[in-house]
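Chemist: coords please:
(one chain, ligands or ions: 1)
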Amino acid sequence: MDKNDHAKHTLEPHVLIFPTPLQGPVSCFLKLAELLCISGIHVTFLNTDYIHRPLIRHTQVLSRFRNYPNFQFETIPDGLEHDNPVSIEKLDEMIDAVNAAAKPLFRDMMISGRWSRSSERPVTVMIVDAFFSFAVELGLETSTPVFCFQTISPWEQSDELVTSVPGTQHFLRKRDLAGFCQTDDLSNMELQFVLQQALITPQTQGLILNTFEELDALVLPHIRKVCPNVYPIGPLHSLYRSRLLADTTQILENISSNSVWKEDKTCLSWLDKHPPKSVAYISFGSLATINVDQMLEIWHGLVHTGKPFLWVKRPESITGEYNESQVPNELLERTKEIGCIVDWAPQEEVLAHPAVGVFLTHSGWNSTIESIAHGVPIICWPYFYDQQVNSRFVGEVWKVGVDMKDLTCDRFIIEKAVRDVMDTRQGMFTQSATAWQNLAKESIGETGSSSKNFALLLDDIRELSSIMK
Ligand code: UDP
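Modeler: Now for the predicted structure:
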């Protein structure tokens, strides 16, 4: 490295990345971190202990990121003892603990300049989840430019239509919004938490989103009215993959997962044995839970279709007392013939597999956009937050599947939905799903919208860093 190179090197921005300690955000933030590293930017990735432990236990992230001298992991204590990531029931407890323990430490760490190394600058830009409003506030207080990265959908029960958002007034009902949007009680804790994030985001330099312009053309103009700098760079996992493949210094095997549970890859060889579009894939993400009755109804429904199925039953996702003796023998026997059940799957690879014909999902945003990117039709069974609105868009706007939010979890309903999407209306759903898949591919192409937005984000990070001391 000559002198000029060294000067250039030392002037590269130093970005602090701080995700919410949950599977979806951590995986997205890691991909973004790697994209920044490839572009020469210095990155400090701050994880809370609680999520860092399972991440390094189940993945190769440490060796993967060793390839980047401009990357460092840092952790922050969070006062949590859990050995595994928690389900939705314990989410509030986790958030409170992290806020109480990490907030004061974050301030000390940031102000002491602890994340600067001799070869690089102090933090010049922060990319955080608005979930940690204390991090955004500290950025504002110390005049450090902050970008928010939101890894849920850009959207956040009654049949009444929501008339306040032009373009959606014909199909968006109040019950398609998250529960906290339907309450009249302004002191509702969840509502207050989300409001705090919504109010603080426009005070930052911009909002990074895992979507693409074409997919969310209805909502992005509304967001830009309050937050002019919006960077939709999705589908992020596709952009990430294409950039890593294009970088000749990378080895393909370096593309490894960011899973905080151990992935069971045997399901990929199981999928290899099945014809195209013949398998139903079922997963309810990293937080949602079902009770034993619901699990049995889903199980009966799947078996009744006679179609091969791959089902992710995350440990701790079944609530209540459960053991295999509660499962009728006929289900267990038939599952041996046509089913594959795993604790955790390499989902991106599963959705990219030609054998998968439908995805029965809880409609988490990452699952939704991953399915859209791979052209897989969707059956939505939404639980909470943005999942309610995601499922409405799947059914009514993008028309890539069906929204089951009105239906109960019943074996005949499950069977009918799978047959509807895989047989009766298969042609129609496949056609729409393929059209969206093509648009997603275009968006991450050289001249596509997400590629342009990512280039803009890099320019803005560099410009903001150049005026930092
Ligand atoms: N996921 C996975 N393996 C599984 C189930 C899920 O890798 O067996 C990943 C999935 O690819 C997605 C994330 O976990 O990136 C789930 O995020 P999402 O926003 O869909 O739902 P959440 O878990 O936040 O409710």
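
Chemist: how about the residues of this protein near the ligand?
Modeler: Taking Cβ under 6 Å from any ligand atom as the contact definition, the chain meets the ligand at 22-24, 27, 259, 283, 285-288, 312, 344-345, 347-348, 364-367, 370. Heads up, the C-betas are built off the backbone N, CA and C, glycines and all.

Chemist: Narrow these to those in helices?
Modeler: Filtering the residues of the chain next to the ligand for membership in helices, criterion DSSP state H, returns 23, 24, 27, 347, 348, 365, 366, 367, 370.

Chemist: Now this protein against the ligand: closest residue?
Modeler: Among the residues of the chain, residue 364 lies nearest to the ligand; the distance is 2.3 Å by Cβ to the nearest ligand atom.

Chemist: Cross-check the contact I'm expecting between that residue and residue 24.
Modeler: Yes - using Cβ atoms under 8 Å, residue 364 is in contact with residue 24, at 6.3 Å.

Chemist: follow-up on the earlier one: for the closest residue to the residue of the chain closest to the ligand other than its chain neighbours, give me its contacts.
Modeler: Nearest residue to residue 364 in three dimensions, chain neighbours excluded: residue 285, at 4.3 Å (Cβ to Cβ, 6 or more residues apart in numbering). Shown in contact with residue 285 (Cβ atoms under 8 Å, 6 or more residues apart in numbering): 23, 24, 361, 362, 364, 366, 367.

Chemist: Can you tell me which helices and strands the strand or helix carrying residue 461 packs against?
Modeler: Using DSSP states H and E, residue 461 falls within helix 449-466. Judged by 3 or more Cβ pairs under 8 Å, 6 or more residues apart in numbering; DSSP states H and E, helix 449-466 is in contact with helix 23-38, strand 125-128, strand 206-209, strand 230-232, helix 236-246, helix 426-444.

Chemist: from the ones you listed, which stretch is densest packed?
Modeler: Mean neighbour counts were taken over the helices and strands packed on helix 449-466 using mean count of other Cβ atoms under 10 Å, and the top value, a mean of 25, falls to strand 125-128.

Chemist: next one: it to chain centre, how far?
Modeler: 18 Å (Cα atoms, centre = their mean, to the nearest Å).

Chemist: That strand: what's the following helix or strand?
Modeler: helix 133-141.

Chemist: who does that following helix touch, helix- and strand-wise?
Modeler: The helices and strands touching helix 133-141, judged by 3+ Cβ pairs under 8 Å, 6+ apart, are helix 91-111, strand 125-128, strand 146-150, helix 189-200.

Chemist: Give me the buried positions along stretch 273-293.
Modeler: Neighbour-count burial for stretch 273-293 flags 274, 277, 279-290 (criterion: 16 or more other Cβ atoms under 10 Å).

Chemist: between those residues, which is closest to residue 197?
Modeler: Of all those, residue 197 sits closest to residue 287, with 17.7 Å by Cβ to Cβ.

Chemist: wait, what's in contact with the residue nearest to that closest one when sequence neighbours are not counted?
Modeler: Counting by Cβ to Cβ, 6+ apart, residue 88 is the residue found nearest to residue 287 once chain neighbours are left out, at 4.5 Å. By Cβ under 8 Å, 6+ apart, residue 88 lies in contact with 287, 288, 289, 383, 384.

Chemist: Greatest separation within those residues: which pair is it?
Modeler: So, the contacts of residue 88 by Cβ to Cβ: farthest apart are 289 and 384, at 10.9 Å.

Chemist: Phi and psi next, for residue 170.
Modeler: Dihedral pair for residue 170: phi -90, psi -20, per degrees, to the nearest 10.

Chemist: correction: residue 373
Modeler: With angles defined as degrees, to the nearest 10, residue 373 sits at phi -60, psi -30.

Chemist: Give me the pLDDT value at the residue nearest to it when sequence neighbours are not counted.
Modeler: Among residues not flanking residue 373 along the chain, residue 235 sits closest, at 4.0 Å (Cβ to Cβ, 6+ apart). At residue 235, the model reports a pLDDT of 98.

Chemist: surely residue 235 meets residue 372?
Modeler: Yes - counting by Cβ under 8 Å, residue 235 does reach residue 372; the two are 7.1 Å apart.

Chemist: who touches both of the two?
Modeler: Joint contacts of residue 235 and residue 372 (Cβ under 8 Å, 6+ apart) are residue 440.

Chemist: list the contacts for the residue nearest to residue 373?
Modeler: Here residue 235 is in contact with 210, 211, 212, 369, 370, 372, 373, 440, 443, 444, 450 (Cβ under 8 Å, 6+ apart).

Chemist: for residue 428, same thing?
Modeler: Residue 428 neighbours (Cβ under 8 Å, 6+ apart): residue 399.

Chemist: hmm, try it at 10 Å
Modeler: 377, 399, 400, 421 (Cβ atoms under 10 Å, 6 or more residues apart in numbering).

Chemist: just residue 359 next, same as before
Modeler: Each residue near residue 359 by Cβ under 10 Å, 6+ apart is listed here: 280-283, 347, 350-351, 367-368, 370-372, 374, 376-380, 400-401, 421, 433.

Chemist: among these, which are in strands?
Modeler: Judged by DSSP state E, these include 280, 281, 282, 283, 378, 379, 380, 401 as members of strands.

Chemist: Turn those into TSV, columns for pLDDT.
Modeler: Formatted as TSV, these follow (pLDDT from 0 to 100):
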residue	pLDDT
280	98
281	98
282	98
283	98
378	98
379	98
380	97
401	98
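
Chemist: Just the closest of those residues to residue 81, please.
Modeler: Within the set of the ones in strands among the contacts of residue 359, residue 283 lies nearest residue 81; the separation is 27.1 Å, counting by Cβ to Cβ.
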